[in-house]
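[1] Here is a sequence together with a model predicted from it:
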Amino acid sequence: MNHAIGKLSGVTEEHQGPVRLLPWSGPDGKPCYLVGEGGGHVSRVADEIEGVQLGMADDILGHAEDMLGGRQVTSRELRFLARGLADALRDVRRVAESRGARLAAAGA
């Protein structure tokens with residue numbers, strides 16, 4: 001099956017086979033993609049990193065709930081917490097986008 005990567009973040013080349021958004025960016029901050037069936041080493045590493053990212057998001061959410069649950073927090077603590085939450089949200093959004101695209105491709 002022929003998939004146009006152009007549907008994913010402006011990449012314009014055409015490739016044979018499924019395309020996976022990876023859970024990391026290139027040095028220039030652009031998304032990285034894996035073209036293929038998804039059973040190789042890079043795919044397994046991506047699965048592991050996604051699991052770590054989701055676990056870290058859960059941890060920072062728990063920390064936020066504890067932190068905001070009763071004690072007075074400083075503006076510096078809130079900025080640090082907001083940065084951690086923003087980073088976690090970005091990671092979780094990327095995981096969801098990647099998994100959603102793979103589900104859509106599998107259903108097609």
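    Ah, there it is.

[2] And the helices in the protein?
    41-68, 75-107 (DSSP state H).

[3] Out of those helices, the one nearest Val35 is which?
    helix 41-68 (10.3 Å; Cβ to Cβ). Heads up, the C-betas are built off the backbone N, CA and C, glycines and all.

[4] circling back: got CSV for the helices of the chain, with distance to Lys30, mean pLDDT and mean neighbour count too?
    Below are these laid out as CSV (distance: least, Cβ to Cβ, whole Å; pLDDT from 0 to 100; neighbours: other Cβ atoms under 10 Å):
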stretch, distance to Lys30, mean pLDDT, mean neighbour count
helix 41-68, 16, 95, 14
helix 75-107, 13, 93, 13
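
[5] Quick one, which of those helices gets closest to Gly29.
    helix 75-107 (11.4 Å).

[6] what's the distance between that closest one and the middle of its chain?
    6 Å (Cα atoms, centre = their mean, to the nearest Å).

[7] Just name whatever secondary elements it is in contact with.
    The elements that helix 75-107 packs onto, with contact taken as 3 or more Cβ pairs under 8 Å, 6 or more residues apart in numbering; DSSP states H and E, are strand 19-25, helix 41-68.
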